[in-house]
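**Student:** all I have is the shape, not the residue letters:
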C-alpha cells in the first residue's frame, strides 16, 4: 500500500497521503505482516523512502508474538526469515514447546518444514503460531507465497489450528485499535489484500477500503466473499475519501 | 503395511500374509499413494522383497491421473518427484492448464511451490490434482510430510479445491473395487494411515483395519474422528482376521 515491495519505490502519492493524514491530526497506525526484516529496519526503510512515521506507529507481528511467548512461558521452534530472527533475541528457544512460523521465503525448504512438523508432533499439545495468514504477495513482478499456505500445510499435517498473530486476526486488529484509543466503528483500514486486510478489518467492525495497487487483482472487484466498503485507485485516493468523510 | 519404507525390508509376516490371501483365492489389490517411483520400479521392488503380486494388482495414482488428463484434454504443470515424472511420458505439458502435485520430497522448495502457485494463478479456472492427500509418512526413523500438506498450501494460496487422485478419494477406491468386481460391503481395507487408509475406506462403505506398523501411532487407538473396525498388530494378523471372517 505504501511502496512497491519488489522495486522498493513509494507508490505514487503514498508519501503525500501519509502527510495529509498526519496534518489532519488523525491517529494512524501502519499494520504490516512483514516478518522478513526487523521493525527497526522497516522504519529505516520507510524513512529512506520519504515517509515520516514513528517506530511505535508501525505494527509488525514479531514484537507482538514475543509478548505472547513470554506471557505464556513458551519456547519457540522458529521457522522464520533469518533476518527477522534477530527480533527474537532474548527469547528462549531450547526444548521448544511451540512452533512460530513467519514468512521464511527461501527457508521454506522440505527439510525445514519437516523439522517444524516434527517439533509439533513431538509435543503433547502442539501449539503453532502463524505470523499473519496472507495467501501471497507481489515480489518484483511475480506473485509469491506468503506464510499462510505454509501455516495451512502444518495445520493439516500436525492436525492443529494455528493461532494467528498479525492480520487478519481480531486479536491483532483489536490491539492496534486499543493502542490508538479508537473504536472499530470509527476506524478505517486501507489495504491491498482483500481477504487479510479488508475482510479482516470488516470482521472486526471497521470499514475496509481496497486499493488497486500492490497485490490487488481485477478479480477482487467481484470477490465472492469480501465486499470492500469502497475501492480506491491508491492510498492517496483512499485518504481523500477518508478526509472528506471525517469532515 | 508391506515393508518399512526407510529400511526397505518386509514387515514381519507380510510376505506370508500376501501368500495366504492369494492361496485363499480372494481378490487382492495393493492401493498405494506412492509417487516417488514408477509403477514398474514399485513392482520390481516388491518382488525383490519376496512378494509375488502382478503389476496390474498394484494401484498407484500416476497411471490413474494420466487417464484423467487425457480424457479431459488437460496439460499439467508437474510438481512431482523426478523419478515418478517418468510415468508421465507422452503427456503434453506445454501451456499447462492444470497442476499435478505428487510427493515431490526435496523438490518441494519455495521456488517450485511458487512456480506451481503462479501456474494456478495464471489459469482462468485453476485445476489442481493432488496424488493422494496423506498427511505424513515414516522415512527411516522420522515422520516426514506427505503430499497432503502441500496440496492444502496451494489450495489456500490459489483459492482452489484439489481433486484427489489416490487414497482417500472415493473415486480412487471405487475404481479399485470395480477392478476387483467386489462391492464395498464385501471388501476390507488394511492400512497404517488411520485417516487416509482406514477412514477413506470406511467412507466408501468398506471395513477398515488399522495395523500397528508403519506410520501407526499409539494415539490412533483413540482417534477423535476415525474408529477402525478392528486393530491388528500387523498385516499377517489382519489377514488372519479376514480369512477367519470369510469362512
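**Tutor:** Cool, got the structure. Model, not experiment: these values are computed from the prediction.
**Student:** against chain B, how distant is the residue most central in space within chain A?
**Tutor:** Centroid check for chain A by C-alpha atoms, centre = their mean gives residue A:33 as the closest residue, at 1.9 Å. From residue A:33 across to chain B, the span is 15 Å (C-beta to the nearest C-beta, to the nearest Å). C-beta coordinates here come from the backbone N, C-alpha and C atoms, glycine included.
**Student:** out of everything not next to it in sequence, what's closest to that residue?
**Tutor:** Leaving aside its sequence neighbours, residue A:33 sits nearest to residue A:132 (C-beta to C-beta, 6 or more residues apart in numbering or on different chains; 3.2 Å).
**Student:** what confidence value was assigned to the one you found?
**Tutor:** With respect to pLDDT, residue A:132 scores 91.
**Student:** hmm, it is touching residue A:103, no?
**Tutor:** Yes - with contact taken as C-beta atoms under 8 Å, residue A:132 and residue A:103 are classed as touching, separated by 7.3 Å.
**Student:** what's the overlap in contacts for those two?
**Tutor:** A:33, A:35, A:146, A:147 (C-beta atoms under 8 Å, 6 or more residues apart in numbering or on different chains).
**Student:** close to chain B: what parts of chain A are there?
**Tutor:** Chain A comes close to chain B at residues A:104-111, A:113-114, A:117-118, A:121, A:135-136, A:142-146, A:148-150, A:152-157, A:159, as judged by C-beta under 8 Å from any C-beta of the partner chain.
**Student:** of those, just the buried ones, ChimeraX syntax please.
**Tutor:** This is how ChimeraX selects the buried members of those, with burial counted by 16 or more other C-beta atoms under 10 Å in any protein chain shown:
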select /A:104,105,107,108,109,110,113,114,117,118,121,135,136,143,144,145,146,148,149,150,152,153,154,155,156,157,159
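**Student:** from the residues of chain A next to chain B, which land in helices?
**Tutor:** A:110-111, A:113-114, A:117-118, A:121, A:148-150, A:152-157 (DSSP state H).
**Student:** can you give me the strands for chain A?
**Tutor:** In chain A, the segments counted as strands under DSSP state E are A:3-4, A:9-10, A:30-31, A:58-59, A:76-79, A:98-101, A:128-130, A:136-139, A:142-145, A:163-164, A:188-191, A:207-211, A:230-232.
**Student:** any idea how far residue A:98 is from residue A:174?
**Tutor:** Look at residue A:98 and residue A:174: by C-beta to C-beta, to the nearest Å, they are 22 Å apart.
**Student:** next: residue A:164.
**Tutor:** Counting by C-beta to C-beta, the gap from residue A:164 to residue A:174 is 13 Å.
**Student:** ok so, going back, pick the one among the shared contacts of residue A:132 and residue A:103 closest to chain B.
**Tutor:** residue A:146 (7.8 Å; C-beta to the nearest C-beta).
**Student:** my guess is that closest one contacts residue A:135. True?
**Tutor:** Yes - between residue A:146 and residue A:135 there is a contact under C-beta under 8 Å: 5.9 Å.
**Student:** overlap in contacts, those two.
**Tutor:** Shared contacts of residue A:146 and residue A:135 (C-beta under 8 Å, 6+ apart): residue B:157.
**Student:** that older thread, the strands of chain A: lowest mean pLDDT?
**Tutor:** Of all those, strand A:136-139 carries the lowest average pLDDT, namely a mean of 86.
**Student:** which other helices and strands contact that strand?
**Tutor:** strand A:142-145 (3 or more C-beta pairs under 8 Å, 6 or more residues apart in numbering or on different chains; DSSP states H and E).
**Student:** which strands or helices does the strand it packs on pack on?
**Tutor:** strand A:136-139, helix B:110-121.
**Student:** I would like the residues contacting that strand, please.
**Tutor:** A:105, A:108, A:135-138, A:215, B:110, B:113-114, B:117-118, B:121, B:153, B:157.
**Student:** 10 Å instead?
**Tutor:** With contact meaning C-beta atoms under 10 Å, 6 or more residues apart in numbering or on different chains, strand A:142-145 is reached by A:5-6, A:103, A:105, A:108, A:134-139, A:215, A:217, B:110-111, B:113-118, B:121-122, B:153-154, B:156-158.
**Student:** residue A:47 and chain B: what is the separation?
**Tutor:** 30 Å.
**Student:** give me the neighbour count for that residue.
**Tutor:** Neighbourhood size, residue A:47 [other C-beta atoms under 10 Å in any protein chain shown]: 12.
**Student:** next, the contact list for it, please.
**Tutor:** With C-beta under 10 Å, 6+ apart, residue A:47 has these contacts: A:53, A:55.
**Student:** for the nearest residue to residue A:32 once chain neighbours are set aside, give me its contacts.
**Tutor:** Of all residues not flanking residue A:32 in the chain, residue A:60 sits nearest, at 5.1 Å (C-beta to C-beta, 6+ apart). By C-beta under 10 Å, 6+ apart, the contact list for residue A:60 reads A:30-35, A:37-39, A:42-43, A:84, A:87, A:102, A:131-132, A:165-166.
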